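*Asks:* generate coordinates for the sequence data below:
(2 chains)
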Amino acid sequence: MSRYDPASIEPKWQKAWDEALTFRATREGGKPKYYVLEMFPYPSGRIHIGHVRNYTMGDVIARYKKQNGFNVLHPMGFDAFGMPAENAAMASGGHPKDWTYGNIETMVGQMKPLGFGLDWSRMFATCDPEYYGQQQALFIDMLSEGLVYRKNAVVNWDPVDMTVLANEQVIDGCGWRSGAPVERKELTQWFFKISDMAGELLDAIEGLDDWPAKVKLMQANWIGRSRGLQFSWELTAPVHGVETVEVYTTRPDTLLGASFLGLSPDHPLVKSMEGDNPALAAAVAEMRKGGTTEEALEKAEKLGFDTGLTVRHPLDPSWEVPVWVANFILMDYGTGAIFGSPAHDQRDLDFCRKYGLPIKATFDVIEGEVYHGGAPDYRTDEQTATNPRGMVTAFIPPKSAKVKWLNHFAGLDEATGQEAVDITIDWMEARGLGKGVEKFRLRDWGLSRQRYWGCPIPVVHCDACGVVPEKKENLPIQLPYDEGDKPIDFSTPGNPLDRHPTWRDCACPSCGQPAKRETDTMDTFVDSSWYFARFTAPRADTPTDMADAEYWMNVDQYIGGIEHAILHLLYSRFFARAMIRTGHLPEKCAEPFNALFTQGMVTHAIFQTKNAEGRPVYHYPEDVDLRDGRGFLKDGTEVEIIPSAKMSKSKNNVVDPMNIIATYGADTARWFVLSDSPPERDVEWTAAGAEAASKHLARVHRIAAEIAGADVPETKEDAALLKETHKVMHDVTLGVESFGFNAAIAKLYAFTNTLSKSRAGTQTKRFAAKTLAQLMSPMTPHLAEEMWQLLGGEGLIAEAPWPKPDEAMLVEDTVTLPIQVNGKRRGEIDVPKGMPKEEVEKLVLAHDAVLKALDGGQPKKLIVVPGRIVNVVV
RNA sequence: GCCCGCGUGGUGGAAUGGUAGACACAGGAGACUUAAAAUCUCCAGGCCUUGUGCCGUGCCGGUUCGAGUCCGGCCGCGGGUACCA
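*Replies:* Model (predicted):
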């Protein structure tokens, strides 16, 4: 009898699928289409086990849909622009292009042996000029539609290397290479007008029925619609001709608690005063230190500077409020100016306590009310002249909670925060003191990057004509490979395009005079914001082909990591709308991903010892022997095991799937990454698990081979096995449909046990084994083909129709009802399915455990949930 | 800081508000074998006074006849935080 030998069967069936063009996506046959897409990888060098998990999930869906009669589009490509390629060139020489294409070749070579049902003929990398040239065409169309514009924005500036840094290159506020404290600097940059669509992008979230609720919530919070009051504060003395300061607030109801007016360090008024106020300029320079991330800004120590200016309180012109510059106010949100209401905002409170500004409550607890989060106990600690109540924690009840208003200008007594906000806005509007406005947290998408390895922005700067888009017939604007006659130098900080001797020089597309190319390249999020559309016609000489897009779009199932919940997915949603506006996608594509699934990470234990200095030393999994849950090195030293850590090259705990494939085969790797853990959750990779998976597949193969060679007539066990076979069809189908791959696999284990122990006749067993092969085929396709052939299946199992259970076989005639007494299980009864409630009650009341619990008395209550459970309350 | 998740035996995990621990790993016992490997069978949350027992799903509280599941508050871990992809 042949043994399970993945090394020989896997290449054999991969060749068979290739030759039959099984996974070539076509529009033929009048069949319905199904587009399944996994987020394409960054070509980092080698695939890791997380990729295997991600693509296996997609492959299960793709193969399952094919077996269900769909024309399936399941493509693969590479998100190939980005910083690591330039960093590699910086660190060890070479060219980002060579590094990237070399990595792609390696990774394709690693992915093919996994037997994914991919249409490789559609593959592309975003760094292919054929791809980014079409992206440049898209950009030009978006520019003419008014979806792109330029404005100033801040970047991380390394004052030593004189270069722009990415956020991840800023470590503890300092440049990663120079170590110099980073500053925030303004540059003129290109922006996509995503904020124009903020309301639409927010409202449309509701319709994304097959997206995870958590992703929708995160996107909604990110876009962040708020209604507030915009109004102006009059300066008591104009500065440089400025008479008022515009403020936006979402809590206008706390206006009487205002103790300062705060300006962002980047506010135009602040900038205009810097020149003639050295102390202010110094303070603002201090505030501009540090990185640009929201986290860095939020966590930075609150810094303020008293400008000496004052403004009149809008409700009481005799009340003068001081104007401060405060580093926690963002120029990007609202108007870049706020009024501080310290009693009801923690940041404002911290600020006022630090600088001795007054703290005045505008509302208080209603006597006797308990607020969720507990009663406010903020009247503790230091009492000072400015903080008479000694407030340490601001009083911020939820907007839905009713509070007691103190001397409210619109006459409120007891009202919720939300009611107060609405009434205040109306009150202010009626008196012409301000205007209720809707604002979004979402900012425009800055796409300029001062880097080489990205898609060049296809515009030209002409002295006469200004900023001019390149002509489409000149596309693609290709990245130069060399710097004139010598290789590009990546070891110097800064953008090589900027210092290239000839690449910038060009003719103005408008007047023909000598002009300069834009040297900024695009954010790599642009590349990944439309690749899904390009896959529908990857070789078209326009960004998309409308007929192909019409047929294949939308993506029916998109699969990727939760880390992309906001940016990538939001940008893609924006791009789909922009592509509709520019005529590159049909109207139906506004939401390009019908269903989204976010999978978890693959983690692995870290094996660690300490060196003489007590610093950790990390050991590769293959150097560690595991015995009884303890790990030992070859020389017998015990290692510390840190479980379930994110795979990281620096911790030596990255599992290379190629070792597993070489040892156990692709099907084992695929089976294991799908088993045990729910797909949305992180999964721990253990070598023992892989071995167990391998043993199971060998067992399945053995069972199939035995059945193939047997000839036993029908027995009395046939009916039971047949019923179990139909049940497993139902269970596995449900599991695959609902991304419950681990649950489906558990059912397949159980069914394998059933089949193995069954003494049914060969005909029924053969049917059961063929069904098992079919149900396993999306997960372990090579083994399934082999079994199918052994058992006499026709053609390729990959193309055979998915088994459908006979509904009559799924019906159970009796059901076991647990009996609870006061919610605790005390016994059970078997009753025919559908037995009337009254009869169940009679049986229950006659049950020993119930009689004992009642002790001659009557039950207080008897709950019968038909087909489920019985609960007796005594 | 803010937004979003997650937390169940030694381990991975199962469980439409209805029998907590399916299925598997590691472990234990046995069968087969000269032996080993492979394979097969069985056991297995904790505790004790071994019972129709008690406890048990990160912690505290609530809703419910009934909570791993719903609600509130904590703690811990993870993701995102707009130039990592």
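
*Asks:* now check stretch A:861-869, is it near RNA strand B?
*Replies:* Yes - residues of stretch A:861-869 contacting RNA strand B under C-beta under 7 Å from any atom of the strand: A:861, A:863, A:865, A:868-869. C-beta: built from backbone N, CA, C; applies to glycine.

*Asks:* which SS class is the residue nearest to residue A:4 when sequence neighbours are not counted?
*Replies:* Nearest residue to residue A:4 in three dimensions, chain neighbours excluded: residue A:701, at 3.7 Å (C-beta to C-beta, 6 or more residues apart in numbering). Counting by DSSP: H, G, I helix; E, B strand; the rest coil, the backbone at residue A:701 sits in helix.

*Asks:* before we move on, the earlier item: out of the residues of stretch A:861-869 next to RNA strand B, which are inside strands?
*Replies:* The members of these that map onto strands under DSSP state E are A:861, A:863, A:865, A:869.

*Asks:* residues touching stretch A:561-573, excluding its own?
*Replies:* Stretch A:561-573 has contacts (C-beta atoms under 8 Å, 6 or more residues apart in numbering) with A:39, A:54, A:194, A:201, A:204, A:214-215, A:218-219, A:222-223, A:445, A:525-526, A:528-530, A:532, A:560, A:590-593, A:596, A:598-601, A:680.

*Asks:* sorry, wrong one. I was asking about stretch A:77-94.
*Replies:* A:40-44, A:95-97, A:99-100, A:104, A:107, A:122-128, A:132, A:166, A:451-455, A:490-491, A:521, A:524, A:527-528, A:531, A:535, A:538.

*Asks:* for PyMOL, what selects the buried ones among these?
*Replies:* Buried members of the contacts of stretch A:77-94, defined by 16 or more other C-beta atoms under 10 Å, are picked up in PyMOL with:
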select buried, chain A and resi 40+41+42+43+44+95+96+97+99+100+104+107+122+123+124+125+126+127+128+132+451+452+453+454+455+490+521+524+527+528+531+535+538
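
*Asks:* give me the subset of the contacts of stretch A:77-94 that also touch RNA strand B.
*Replies:* A:42, A:166, A:451, A:524, A:528.

*Asks:* could you pull up the residues touching the residue nearest to residue A:4?
*Replies:* A:3-4, A:783, A:786-787.

*Asks:* buried subset of those as a PyMOL selection?
*Replies:* To isolate the buried subset of the contacts of residue A:701 in PyMOL, counting by 16+ other C-beta under 10 Å, use the following:
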select buried, chain A and resi 4+783+786+787
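
*Asks:* got the contacts of residue A:701 as a markdown table, with pLDDT and distance to RNA strand B columns?
*Replies:* Listed next are the contacts of residue A:701 as a markdown table, based on pLDDT from 0 to 100; distance: C-beta to the nearest atom of the strand, whole Å:
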| residue | pLDDT | distance to RNA strand B |
| --- | --- | --- |
| A:3 | 84 | 9 |
| A:4 | 91 | 10 |
| A:783 | 97 | 15 |
| A:786 | 96 | 18 |
| A:787 | 96 | 16 |
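
*Asks:* still on that earlier bit, of the ones in strands among the residues of stretch A:861-869 next to RNA strand B, buried ones?
*Replies:* Buried among those (16+ other C-beta under 10 Å): none of them.

*Asks:* wait, which of the residues you listed is closest to residue A:835?
*Replies:* residue A:865 (12.8 Å; C-beta to C-beta).

*Asks:* pLDDT wise, what is that closest one at?
*Replies:* At residue A:865, the model reports a pLDDT of 85.

*Asks:* please apply the same query to residue A:649.
*Replies:* 62.

*Asks:* same check on residue A:157?
*Replies:* pLDDT, residue A:157: 94.

*Asks:* any idea how far it is from residue A:289?
*Replies:* 10 Å (C-beta to C-beta, to the nearest Å).

*Asks:* go on, residue A:861?
*Replies:* 68 Å.

*Asks:* excluding its backbone neighbours, what's nearest residue A:65?
*Replies:* Per C-beta to C-beta, 6+ apart, closest to residue A:65 is residue A:34, 4.2 Å.

*Asks:* and the strand or helix carrying the one you found, is it in reach of RNA strand B?
*Replies:* Here residue A:34 sits within strand A:33-38, counting by DSSP states H and E. No - if you take C-beta under 7 Å from any atom of the strand as the test, strand A:33-38 misses RNA strand B, and the best it gets is 12.5 Å.

*Asks:* strand partners of that strand, parallel vs antiparallel please.
*Replies:* strand A:71-73 (parallel), strand A:557-561 (parallel) (DSSP bridges).

*Asks:* how about the first one, which residues are buried there?
*Replies:* Looking back up the chat, that one is strand A:71-73. A:71-73.

*Asks:* so for it, mean pLDDT?
*Replies:* Strand A:71-73 comes out at a mean pLDDT of 98.

*Asks:* what's it in contact with?
*Replies:* With contact meaning C-beta under 8 Å, 6+ apart, strand A:71-73 is reached by A:23, A:25-29, A:31-36, A:62, A:65-66, A:117, A:119, A:535-536, A:552.

*Asks:* apply 6 Å and report the result again.
*Replies:* Outside strand A:71-73, the residues that touch it by C-beta atoms under 6 Å, 6 or more residues apart in numbering are A:25, A:31, A:33-35, A:62, A:65-66, A:552.

*Asks:* select from these the one having the most neighbours.
*Replies:* Among those, residue A:62 has the most neighbours (other C-beta atoms under 10 Å), with 29 neighbours.

*Asks:* now do it against RNA strand B, distance only.
*Replies:* Remark: distance between residue A:62 and RNA strand B (C-beta to the nearest atom of the strand, to the nearest Å) = 22 Å.

*Asks:* what's the answer for residue A:856, then?
*Replies:* Taking C-beta to the nearest atom of the strand, one finds residue A:856 at 14 Å from RNA strand B.

*Asks:* got the contact list for that residue?
*Replies:* By C-beta under 6 Å, 6+ apart, residue A:856 has no neighbours at all.

*Asks:* quick one: the helices in the stretch 201-350 of chain A?
*Replies:* Shown for the stretch 201-350 of chain A, the helices assigned by DSSP state H, counting those that start in this stretch span residues A:213-223, A:268-274, A:278-287, A:294-299, A:346-355.
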